[in-house]
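Undergrad: structure for the following, please:
(chains A and B)
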Amino acid sequence: MFYANVNEMVGWPTEREVNMNQNLLPLEFNESPEPVAGGGLLDRRLFLRHGIALGGLAVMGQDIMAADFDRPTWMLKPGLPFSNYGQPSPHEKEVIRWVSSNPAVPGNGISWTPLHLLAGTVTPSGLHFERHHNGVPQIDPAQHRLLIHGMVNNPIFLSMDKLVLYPMASRFCFIECGGNSNTGWHNEPTQSSVGNLHGLVSCSEWTGVPLSIVLEEAGLQPNARWLIAEGADAAAMNVSIPIEKALDDAILAIYQNGEHIRPENGYPLRLLLPGWEGVTQVKWLRRLEAADQPAMTHNETAKYTELQPNGKARQFTFIMETKSVITHPSPGHALHGPGLYQISGLAWSGRGKIKKVEVSADGGKSWAEAELQEPVLSKSFTRFRIPWHWDGRKTVLISRSVDESGYMQPEREKLVLERGKNSYFHYNAQVSWSVDTEGRLSHVY
Amino acid sequence: MNQSNNPVIRFSRLRSLWFLAIVYVSIPSLACAGSEGPKLGKPATNQEISAWNMTVFPDGRGLPSGHGKASEGKQVYERLCVSCHGVNGLGGSSEELAGAKHSLTDPNPDKTIGSYWPYATTLFDFVRRSMPPDSPGSLSNDQVYAVCAYLLHLNGITPESADINASGLSQIRMPNKEGFVRIDEPE
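TA: Numbers count the residues shown, from 1 in each chain, chains lettered A, B, ... in the order given. A predicted model of the protein is given here:
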């Protein structure tokens, strides 16, 4: 394993790999750049200015010197033939979703996106997180229909072959489960990978029919304030959506990352409500009922509500507030000696664009602004990066995001003070990773 | 992809709407872009709608005819529900339904039907649409009412003898009805 360029240095070695391969050294740098904050954080544009020269100077040089100039075996015979549908390299078989479900009801549970093993901002469709209430229905699109009824003048059925003839729109957006990151409410920090702690969020390009177009056809009546959305899964999962969101940026999504939505993400049709909690973005959508009130369904009363210390619960908490997390390095990765590293992570906000991400490498005493990967898109993953010179001493890495509304990702103490520890959902506090002198990372509060 | 009855008209309709297909992510509102589509929906009849519709609203709209008592519901519960929800609605692998010992302001609150759920109608809606997980939709309306009666009785909300029907269920005032604060609901 070697890295051709520091900007592609995404497959951080694990502690095990570091032990096996002592050639994996930190990046070297001829001159010592001035830190911009404590703990050795460097100017976020450092890698951009020095670019390839820096990468070439570092790990790659070592590998080339050691390289054998004989042809490797895969250059000695023709490669494999074409394939109808490409699959990841067999060497990447550990890049998978981790599944956690109720043994008594295997279709009720979750699977996590392995954020610690991915780069950039797009989640591969097959790694998009899952939350099912009773399994993945195997839907024949020829038989699937969407019924729009209730407080409308023209109740209609829309079959999939008709829906694809409607004008379509595309956008990137993240989908995050309301329960993502919820071990953060626990008294002790849970030790696991970023994916298993924060991977109930994923980001795709979604394409479909703006909901406003079909609502116009159905003719919403003036007293219609809510839409009751229902899925065609075995749970017939249902939630209530304010009509304002339905008319704003909601999409009847048919495609994900260019192809038809995967079965586990709602094939053939899901409701997309950019920036809102995952449970409202009903998969396998089969019915939209316009109404003057919410239905007060199980998943908007008994579940997906946040009990506060005063005994009152927050309800209809649709918007996923901004969150950021350092994905590289993170628990399970290992630093291999003092030197130059790139810190990288993801930030997102249900209120719009990410305005700024700051990183601390001294446990929150000082902060430096990270570089945001362009384009920064509203309600989408934003990748941030910042170079860091680790001096080999014990420290704590933290990130905090600010979205375009001006809201900053809160410190854990502040969030817990406000919401208590029994919210279960909507945990978005800052995340801290401690680094020990051996370069091992762990989750700390 | 379906063939239109009149491809020429369909094509020209779509062409006149080409601008709708290009909606950039920087445009915050899709609603203002001119919400006109090709109008290909098939009218739904009242009969079709009632066959599909299973929403139950807090005021009781959508509740079907039928009724049931706690004693009947107990039999259904012990046959189909107890393996996940436990004897008397607690102690199973799935969510606790009854027997709350800790209040909602306790450090370890018990969020049961009786202590947490704001509406009894939710119980009917959820049991009818989702339960039991291995054969959802298999209970008759009388059985669903009976399970509701049993669970409400377990939570001390209705007497054991109550014969629960649409009108009775929608008139129940749950103890935690006022326990919720709506956060992101538009003004």
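Undergrad: how close does the closest residue to residue A:122 other than its chain neighbours sit to residue A:372?
TA: What sits nearest to residue A:122 in space, not counting adjacent residues and going by CB to CB, 6 or more residues apart in numbering or on different chains, is residue A:203, at 6.2 Å. The C-beta positions use only the backbone N, C-alpha and C, and glycine is treated the same way. Residue A:203 sits 15 Å away from residue A:372, taking CB to CB, to the nearest Å as the criterion.
Undergrad: more crowded one of the two?
TA: Comparing residue A:203 with residue A:372 by other CB atoms under 10 Å in any protein chain shown, the one with more neighbours is residue A:203, at 25 against 19.
Undergrad: can you name the residues that contact that one?
TA: A:121, A:122, A:123, A:172, A:173, A:174, A:175, A:348, A:380, A:381 (CB atoms under 8 Å, 6 or more residues apart in numbering or on different chains).
Undergrad: quick one: stretch A:428-445 near chain B?
TA: No - counting by CB under 8 Å from any CB of the partner chain, chain B has no neighbours in stretch A:428-445; the shortest distance is 13.8 Å.
Undergrad: straight-line length of that stretch, end to end?
TA: Separation of the first and last residues of stretch A:428-445 by CA to CA, to the nearest Å is 13 Å.
Undergrad: centre of the chain to that stretch, how far?
TA: Distance of stretch A:428-445 from the chain centroid (CA atoms, centre = their mean, to the nearest Å) equals 20 Å.
Undergrad: ok, stretch A:318-325 next?
TA: 10 Å.
Undergrad: end-to-end on it?
TA: First-to-last residue span, stretch A:318-325, CA to CA: 21 Å.
Undergrad: now do the strands in chain B.
TA: With DSSP state E as the criterion, chain B has strands at B:42-43, B:67-69, B:163-165, B:180-182.
Undergrad: turn those strands into TSV, including distance to residue A:297.
TA: Shown next, in TSV, are the strands of chain B (distance: least, CB to CB, whole Å):
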stretch	distance to residue A:297
strand B:42-43	27
strand B:67-69	21
strand B:163-165	19
strand B:180-182	13
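Undergrad: residue A:433 is nearest to which of those?
TA: Residue A:433 lies closest to strand B:180-182 among these, at 34.0 Å (CB to CB).
Undergrad: name the helices or strands packed onto that closest one?
TA: Of the remaining helices and strands, those touching strand B:180-182 by 3 or more CB pairs under 8 Å, 6 or more residues apart in numbering or on different chains; DSSP states H and E are strand A:313-315.
Undergrad: give me that answer again for 10 Å
TA: Helices and strands touching strand B:180-182, by 3 or more CB pairs under 10 Å, 6 or more residues apart in numbering or on different chains; DSSP states H and E, are strand A:306-307, strand A:313-315.
Undergrad: list the ones among the contacts of residue A:203 that fall in helices.
TA: With helices defined by DSSP state H, no entry of the contacts of residue A:203 lies inside them.
Undergrad: what's the closest of those to residue B:155?
TA: Residue B:155 lies nearest to residue A:175 out of the contacts of residue A:203, by CB to CB, at 34.7 Å.
Undergrad: pull the number of nearby residues for the nearest residue to that closest one once chain neighbours are set aside.
TA: Closest residue to residue A:175 apart from its sequence neighbours, by CB to CB, 6+ apart: residue A:278 at 5.1 Å. Neighbours of residue A:278 under the rule other CB under 10 Å: 23.
Undergrad: can you check residue B:67 too?
TA: Residue B:67: 18 surrounding residues under other CB under 10 Å.
Undergrad: where's it relative to chain A, distance?
TA: 22 Å (CB to the nearest CB, to the nearest Å).
Undergrad: okay, that residue: pLDDT?
TA: Residue B:67 is assigned 98 on the pLDDT scale.
Undergrad: which residues does the nearest residue in space to it that is not next to it in sequence contact?
TA: Spatially, and ignoring its direct neighbours in sequence, residue B:67 is nearest to residue B:165 (3.9 Å; CB to CB, 6+ apart). Going by CB atoms under 10 Å, 6 or more residues apart in numbering or on different chains, residue B:165 touches B:60, B:63, B:64, B:65, B:66, B:67, B:68, B:141, B:142, B:145, B:148, B:149.
Undergrad: how about the contacts made by the third one?
TA: Taking CB under 10 Å, 6+ apart as the definition of contact, the neighbours of residue B:64 are B:50, B:54, B:56, B:124, B:128, B:140, B:141, B:142, B:144, B:145, B:165, B:166.
Undergrad: the helix ranked longest in chain B close to chain A?
TA: Looking across chain B with DSSP H, the single longest helix is helix B:141-154. No - residues of helix B:141-154 are not located near chain A by CB under 10 Å from any CB of the partner chain, the shortest gap being 12.0 Å.
Undergrad: now that helix, how far from the centre of its chain.
TA: 16 Å.
Undergrad: elements contacting that helix?
TA: So helix B:141-154, by 3+ CB pairs under 10 Å, 6+ apart, packs with strand B:67-69, helix B:70-80, helix B:121-130, strand B:163-165, helix B:166-171.
Undergrad: flag the shaky bits of chain B, pLDDT-wise.
TA: Within chain B, the stretches falling below the threshold (pLDDT under 70) are B:1-35.
Undergrad: OK, now which residue of it is nearest to chain A?
TA: residue B:41 (2.9 Å; CB to the nearest CB).
Undergrad: confidence score at the residue lying farthest from the centre of chain A?
TA: Relative to the mean C-alpha coordinate of chain A, counting by CA atoms, centre = their mean, the farthest residue is residue A:70 (42.0 Å). For residue A:70, the pLDDT comes out at 85.
Undergrad: which stretches of chain A have low pLDDT?
TA: Low-confidence segments of chain A (pLDDT under 70): A:1-31, A:48-68.
Undergrad: pop the domain breakdown of it in here.
TA: A:1-68+A:322-445, A:106-304 (automatic domain parsing).
Undergrad: over to chain B?
TA: Taken from automatic domain parsing, chain B resolves into B:1-41, B:56-171.
Undergrad: tabulate those domains in a markdown table, adding columns for distance to residue A:198.
TA: Shown next, in a markdown table, are those (distance: least, CB to CB, whole Å):
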| stretch | distance to residue A:198 |
| --- | --- |
| domain B:1-41 | 24 |
| domain B:56-171 | 24 |
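Undergrad: now do the helices in chain A.
TA: Under DSSP H, chain A gives helices at A:15-20, A:46-55, A:61-66, A:160-163, A:194-198, A:211-218, A:243-248, A:412-419.
Undergrad: the fourth one near chain B anywhere?
TA: The reference is to helix A:160-163. Yes - applying CB under 10 Å from any CB, one finds helix A:160-163 touching chain B at A:160, A:161, A:162, A:163.
Undergrad: let's see if you can find the most crowded of the residues you listed.
TA: So for those (other CB under 10 Å), the most neighbours sit at residue A:163, 24 neighbours.
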